[in-house]
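K.L.:
next comes the sequence, and after it the predicted model I'd like to discuss.
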Amino acid sequence: MTYLLHIDSSAVPDRSVSRDVAATFLTAWQKEHPDASVVHRDLAAAPLPHLTADGVIGRITGPDDRTDGQAAAIALQNTLIEEFLGADAYLFTVPMYNRSVPSVFKAWIDQVFVNGRVLFAVPDQVPTRGRRAVAVTSRGGGYGPGTPHEGHDHVVPYLTTVLGGSLGLDLEFVVPELTMAHRSPAMAALRPKADASLAQAHEEAERLARQL
Ligand SMILES: Cc1cc2nc3c(=O)[nH]c(=O)nc-3n(C[C@H](O)[C@H](O)[C@H](O)COP(=O)(O)O)c2cc1C
């Protein structure tokens, strides 16, 4: 194994459910792979710039013809792509923000998903195809079948499409729900369910870490 790439995106450094569940995963994973290393990118602590015209036009401009701005934008993309392609397994933490992924995570995707490097029309050419990945996606509410918010989760379907579909990752989800229940009086009745979901998420993280 080369390394596990661990990408965090919760804005909150402490008392973050997704980071806590990821810590459980990593403790178990490191027991299984004592000699393997982890590369950690914290997108909240060190946010990436949004993709700009320089980043887009630089991709279709030869190295000798790029402006300084385009060269700098492509250099950043190359650093991120090399870090991404150099891993052979992934741990993503992607909490739900406004029904979707945090903007810092979307910025990472926009920088890394480059045709001919990461994305390929022919699935067999996708370099990350078949690599194992775990995504921890915490959310304040509940989105399961029969709940009022059923169908409003745009995190799991999106990650399934881009990480599982476009990148071909062998992707598993860990989904702690109702994380706001202990802070919101309106959700007091849901606290036992929140506790059960959190306990299940830690168990699931440990189980997946032993398998990965
Ligand atoms: C900016 C922001 C937007 C949020 N939007 C949603 C939302 O649309 N639906 C939801 O269920 N929870 C939402 N939440 C709650 C978070 O998903 C929840 O607190 C989760 O535990 C965050 O992950 P973390 O604990 O790892 O930081 C939001 C939280 C923040 C800070």
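P.N.:
Arrived safely, thanks for sending.

K.L.:
for the chain, what spans make up the helices?
P.N.:
Applying DSSP state H to the chain gives helices spanning 17-32, 53-59, 68-86, 103-112, 156-159, 191-211.

K.L.:
between the first one and helix 191-211, how many degrees?
P.N.:
Here helix 17-32 runs at 30 degrees with respect to helix 191-211, directions being taken by axes from the mean of the first three to the mean of the last three C-alpha atoms, to 10 degrees.

K.L.:
how about residues contacting helix 17-32?
P.N.:
4, 6, 8-10, 12-13, 36, 38, 91, 93-95, 134, 136-138, 174, 176, 179, 198, 201-202, 205-206, 208-210, 212 (C-beta atoms under 8 Å, 6 or more residues apart in numbering). Quick note: C-beta positions are derived from backbone N, CA and C, even for glycine.

K.L.:
and the residues you listed, which of them are in strands?
P.N.:
Counting by DSSP state E, the contacts of helix 17-32 place 4, 6, 8, 38, 91, 93, 134, 136, 174 in strands.

K.L.:
select only the buried ones of those residues in PyMOL?
P.N.:
The command below creates a PyMOL selection of those among the ones in strands among the contacts of helix 17-32 that count as buried (16 or more other C-beta atoms under 10 Å):
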select buried, resi 4+6+8+91+93+134+136+174
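
K.L.:
mind listing what's buried in stretch 177-184?
P.N.:
Buried residues in stretch 177-184, defined by neighbour count with 16+ other C-beta under 10 Å: 177-181.

K.L.:
let me fix that, I meant to ask about stretch 203-212.
P.N.:
For stretch 203-212, using 16+ other C-beta under 10 Å, the buried residues are 204-206, 208-209, 212.

K.L.:
contacts only, for the spatially most central residue of the chain.
P.N.:
By C-alpha atoms, centre = their mean, the chain has its centre lying nearest to Phe92, at 3.1 Å. Counting by C-beta under 8 Å, 6+ apart, Phe92 touches 7, 9, 105, 133-136, 159, 163.

K.L.:
just to revisit the earlier point, restrict the contacts of helix 17-32 to those near the ligand?
P.N.:
10, 12, 95, 138, 179 (C-beta under 6 Å from any ligand atom).

K.L.:
which residues of this structure lie near the ligand?
P.N.:
Applying C-beta under 6 Å from any ligand atom, we find that the chain lies next to the ligand at 10-12, 16-19, 95-99, 138-141, 179-180.

K.L.:
rerun at 5 Å
P.N.:
Contacts of the chain with the ligand, taken as C-beta under 5 Å from any ligand atom, map to 10, 12, 16-18, 95-99, 138-141, 179.

K.L.:
so for Leu159, what's the nearest residue that isn't a sequence neighbour?
P.N.:
Once flanking residues are discounted, Leu159 sits nearest to Ala135: 5.4 Å by C-beta to C-beta, 6 or more residues apart in numbering.
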